[in-house]
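**Student:** Here is a sequence with its predicted model. Questions after.
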Amino acid sequence: MATGMDQVAGMSLIVFSLMLFTYYSIWVIALPFMDGDHELHNYFLPREYTVILPGIAAVLLLLCIGAFTAVVLWKNQRPKKVN
């Protein structure tokens, strides 16, 4: 059973993910159809970052997965028996 702190951490991750998804969706889907001088553009980064930031996040994710896999394989390596 999850403790109270686990539930708070899980809910925080869900809320953060929903906020990030909503922000990115508005940034990518809605802003291209609005005038460039609209006030909503002040709350978002330039459009070049819509590709750059997810690319950087994907590279970091792959690096973390690779590092985790390397550590697990290294720790589970059994020493050779000496006869």
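**Tutor:** Structure's in. What do you need? Predicted model, so just to flag it, every value in this text is computed and none were measured.
**Student:** all contacts plus neighbour counts: C-alpha atoms, from now on.
**Tutor:** Will do.
**Student:** The helix or strand harbouring G55 - contacts with which helices or strands?
**Tutor:** Using DSSP states H and E, G55 falls within helix 49-75. Contact here means 3 or more Cα pairs under 8 Å, 6 or more residues apart in numbering; DSSP states H and E; on that basis helix 49-75 packs against no helix or strand.
**Student:** tell me how far it is from the chain's mean position?
**Tutor:** Remark: helix 49-75 is offset 10 Å from the chain centroid, using Cα atoms, centre = their mean, to the nearest Å.
**Student:** Mean confidence (pLDDT) on it, please.
**Tutor:** Averaged across helix 49-75, the pLDDT comes to 95.
**Student:** same question, stretch 18-32
**Tutor:** Mean predicted lDDT for stretch 18-32 stands at 92.
**Student:** List the buried residues for that stretch?
**Tutor:** W27, L31 (16 or more other Cα atoms under 10 Å).
**Student:** quick one: that stretch to chain centroid distance?
**Tutor:** In terms of Cα atoms, centre = their mean, the centre of stretch 18-32 is found 15 Å from the chain centre.
**Student:** middle-most residue in the protein, spatially?
**Tutor:** Compute the mean C-alpha point of the chain, and by Cα atoms, centre = their mean the closest residue is A57, 5.9 Å away.
**Student:** so how far is V51 from it?
**Tutor:** For A57, the distance to V51 equals 10 Å [Cα to Cα, to the nearest Å].
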